[in-house]
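J.: Structure of the sequence below:
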Amino acid sequence: MGKNPKDFQRKVENRMFAIECSGRETRKDTITHGDEEVSEESRIWSALDENLSDADACKFFDGYLPLCSHRAFWGPFITFWKKVLRKLLKIFLGWYLFPIYQRQSHFNGKIINAVSSERDLLAGLHEKADDLNRMIGELERRNQELIQELERTVTAQREQERLLLDEIRRLRDRTEAELKTAVEELSGQDKRLAQDTGDLRDRLENTNETITAFQRAVSDASDSMNLRLECLDEASTSMKEKLRKIENLPTDDDEFYHCFEERFRGAREDIRDRLRVYVPVLCRHLPDWSGATFVDVGSGRGEWLDILKENGATDYVGVDLNQRQNEICEGFGHKTICGDCIEYLAALPEGSVDLISGFQIIEHLCMSDLMELLKQSYRALKTGGMILFETPNPHNLTVAANTFFTDPSHKRVIDPILMKFLTEWCGYRQVQILDVNSHEKWAGITEESVVEKNTEIVKAVNELYWLFYGPQDYALFAVKE
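T.: As a prediction, the model looks like this:
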């Protein structure tokens, strides 16, 4: 707003002062729009909006009030002198009045703005209140629906309880009736059971008498059987002594068999040289002997144990029934066990041995013991483990007809073909028959040393010579896969 009095004068002409609005009649409590009656709350809001509009229109006060007079004759003169007086006041007191008008207009504007803001705030709160009232109404409606649903549920539940109680009563009545019937049946059965028990007691007494008589008979028969068994044991012992004398087998005398081997087996060094022929065969399957496990059954004087030790073996043992022979082996630093070789193998953990060997032993076994030796060896061997058994060669006529029978403990010669079959039947693979220990006279006649027409004669002579001086022993080699 300008501070020049002329500016105020120009603005007065463009404004409508609303003093006459202050004299309006008081509105009625209700306002009608057409035929519709408005509530007290709507009337208040309408009156507030109307008053704010009127106040906003006259908030700027510059002192220029309309000049008029109600007098009919003197009115124009009075109005003229009022204008003159106002003009003089403007000229002489404008510097004082117009700032006051200006501050009053500014104050009026601030008041109007504050009231408008309050009006807007109240309108927002009124809308929120309306929303809350709507939400409360919705909640009350929902609550009423839930109450009705709950009443229906309670009614249904009570109906179910009534039906359940009726069913329980029916079941109780039926159960009581069935129980009464069952009690009557059990009472009858109890009587019958008491009667049957008496009969059974009589039968049991008779049975006990029969059992007592039978026990006496069994006791008498047992005493008689024990006497017969004692007689059979004495007869068996006597028969074994007779059979051993018939077979001429004094092998239970350790000193006798030791002396027998010293004379007929050959020098210890010679036997060790013969056995070295097997080292290359074993090394092809087991190059390093230092970490392997070896068992030599029927170890005798320990020639094979010497070879094991020479080739780096440390975990090896000899098993023999002859304690005299075992003492010789222990004297050379070898570990031995005095006992039955089959029983020893059966006690070993499964898959724990790399090589089981036996030289000049299987011909001392009957066929059942030989099969058991092969089976227990297979069980004790690791996968890839080997067996090596040497025995007299029956294809050599000198051995089969003469030297084999020098040892009184030999049971029978074993054909290499049969031995191979038995080994394969027990599950071994890579079975080989190794001919060894030919006679020192074995040389043969070469075919190049004779004329062509004598070739057949040379072959026949060589075959005949082989039968007498060929390999005196053979060895069975096989692998567990």
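J.: element containing S357?
T.: strand 353-359 (DSSP states H and E).
J.: partners of that strand, with directions?
T.: Paired neighbours of strand 353-359 in the sheet (DSSP bridges): strand 293-297 (parallel), strand 381-392 (parallel).
J.: Please state the mean pLDDT value computed over the last one.
T.: The pLDDT scores in strand 381-392 average 95.
J.: Check the first one too.
T.: For strand 293-297, the mean pLDDT works out to 96.
J.: what sits up against it?
T.: For strand 293-297, contacts defined as CB atoms under 8 Å, 6 or more residues apart in numbering pick out 304-305, 308, 313, 315-320, 341, 344-345, 348, 352-359, 361, 373, 380. For the C-beta atoms, the positions are set from N, CA and C on the backbone; glycine is no exception.
J.: Can you show me the CA trace of the strand holding S357 as PDB?
T.: The C-alpha trace of strand 353-359 is given here as PDB (Å, rounded to 0.1, in the frame of the first residue of the first chain):
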ATOM      1  CA  VAL A 353      48.600-112.600   4.000                       C
ATOM      2  CA  ASP A 354      50.500-112.000   0.800                       C
ATOM      3  CA  LEU A 355      52.100-115.500   0.300                       C
ATOM      4  CA  ILE A 356      51.400-118.900   1.700                       C
ATOM      5  CA  SER A 357      54.000-121.500   0.800                       C
ATOM      6  CA  GLY A 358      54.600-125.200   1.600                       C
ATOM      7  CA  PHE A 359      57.400-127.400   0.300                       C
END
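J.: now it: how far from the chain's centre is it?
T.: 42 Å (CA atoms, centre = their mean, to the nearest Å).
J.: immediately after it, which helix or strand?
T.: helix 367-380.
J.: elements contacting that next one?
T.: helix 341-347, strand 353-359, helix 416-425 (3 or more CB pairs under 8 Å, 6 or more residues apart in numbering; DSSP states H and E).
J.: May I see these organised as JSON lines, with mean pLDDT added?
T.: JSON lines is the format used below for these (pLDDT from 0 to 100):
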{"stretch": "helix 341-347", "mean pLDDT": "94"}
{"stretch": "strand 353-359", "mean pLDDT": "96"}
{"stretch": "helix 416-425", "mean pLDDT": "94"}
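J.: how far off helix 367-380 does the strand holding S357 point, in degrees?
T.: 160 degrees (axes from the mean of the first three to the mean of the last three CA atoms, to 10 degrees).
J.: Show me what counts as buried in strand 353-359.
T.: Neighbour-count burial for strand 353-359, counted by 16 or more other CB atoms under 10 Å, picks out 353-359.
J.: what's the closest of the residues you listed to E424?
T.: Proximity of these to E424 (CB to CB) peaks at I356, which lies at 16.7 Å.
J.: Which among the contacts of strand 293-297 count as buried?
T.: Buried among these (16+ other CB under 10 Å): 304-305, 308, 313, 316-320, 341, 344-345, 348, 353-359, 361, 373, 380.
J.: Spit out the contact partners of E261.
T.: Neighbours of E261 in contact, by CB under 8 Å, 6+ apart: 300-301, 325.
J.: Name the single longest helix found in this protein.
T.: helix 75-247 (DSSP state H).
J.: Go through the helix or strand following it and flag the buried ones.
T.: Next helix or strand after helix 75-247 toward the C-terminus (DSSP H and E): helix 254-264. Neighbour counts using 16+ other CB under 10 Å place 254, 257-258, 260-261 of helix 254-264 among the buried residues.
J.: average pLDDT across helix 254-264?
T.: Rounded mean pLDDT across helix 254-264 is 82.
J.: Buried residues of stretch 322-336, list them for me.
T.: 322, 324-326, 328-329, 334, 336.
J.: got a list of what S357 touches?
T.: Taking CB under 8 Å, 6+ apart, one finds 294-297, 304, 387-389 in contact with S357.
J.: Recalculate using a threshold of 10 Å.
T.: 275, 278, 282, 294-299, 304-305, 307-308, 316, 318, 377, 386-390, 475, 477 (CB atoms under 10 Å, 6 or more residues apart in numbering).
J.: swap in V436?
T.: Counted by CB under 10 Å, 6+ apart, V436 has contacts 274-275, 277-278, 390, 393, 471-475.
J.: got it, and G318?
T.: With CB under 10 Å, 6+ apart, G318 has these contacts: 294-302, 304-305, 308, 325-326, 329-330, 334-338, 341, 357.
J.: ok, the buried residues of stretch 322-336 vs E167, which is closest?
T.: T336 (88.8 Å).
J.: now the closest one: how far from F260?
T.: Counting by CB to CB, to the nearest Å, the separation of T336 from F260 is 19 Å.
J.: Who are the contact partners of the nearest residue in space to D354 that is not next to it in sequence?
T.: The shortest distance from D354 to any non-neighbouring residue, by CB to CB, 6 or more residues apart in numbering, is to A292 (4.0 Å). For A292, the contacting residues are 282, 286, 308, 312-316, 353-355, 382, 385, by CB under 10 Å, 6+ apart.
J.: can you do 8 Å?
T.: So A292 contacts 286, 313, 315, 354-355 (CB under 8 Å, 6+ apart).
J.: How about Q360?
T.: By CB under 8 Å, 6+ apart, the neighbours of Q360 are 265, 298, 300, 390-392, 473.
J.: Can you list the low-confidence ranges for the stretch 301-450 of the chain?
T.: 439-450 (pLDDT under 70).
J.: ok, now with 90
T.: Counting by pLDDT under 90, the stretch 301-450 of the chain has low-confidence residues at 366, 395-413, 435-450.
J.: follow-up on the earlier one: who are the packing partners of the longest helix of the chain?
T.: Using 3+ CB pairs under 8 Å, 6+ apart, helix 75-247 sits against helix 5-13, helix 40-57.
J.: if we can go back for a sec, just the buried residues of strand 353-359 now: which is nearest A114?
T.: D354 (111.7 Å).
J.: surely that closest one meets G385?
T.: Yes. The criterion here is CB atoms under 8 Å, and D354 meets it with G385 at 5.2 Å.
J.: Could you dump the strands paired with strand 353-359 into a markdown table and include distance to L232 and mean neighbour count?
T.: A markdown table is the format used below for the strands paired with strand 353-359 (distance: least, CB to CB, whole Å; neighbours: other CB atoms under 10 Å):
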| stretch | distance to L232 | mean neighbour count |
| --- | --- | --- |
| strand 293-297 | 33 | 24 |
| strand 381-392 | 36 | 20 |
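J.: Dump those to JSON lines, plus distance to T398.
T.: JSON lines is the format used below for those (distance: least, CB to CB, whole Å):
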{"stretch": "strand 293-297", "distance to T398": "27"}
{"stretch": "strand 381-392", "distance to T398": "10"}
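J.: To L146, which of those lies closest?
T.: strand 381-392 (79.6 Å).
J.: From the contact counts, what lies against the helix or strand just after that closest one?
T.: Downstream of strand 381-392, the first helix or strand assigned by DSSP H and E is helix 397-401. Helix 397-401 sits against helix 455-469, strand 471-479, with contacts defined as 3+ CB pairs under 8 Å, 6+ apart.
J.: Check the offset of helix 397-401 from the chain's centre.
T.: So, by CA atoms, centre = their mean, the centroid of helix 397-401 is 66 Å from its chain's centroid.
J.: All set, thanks.
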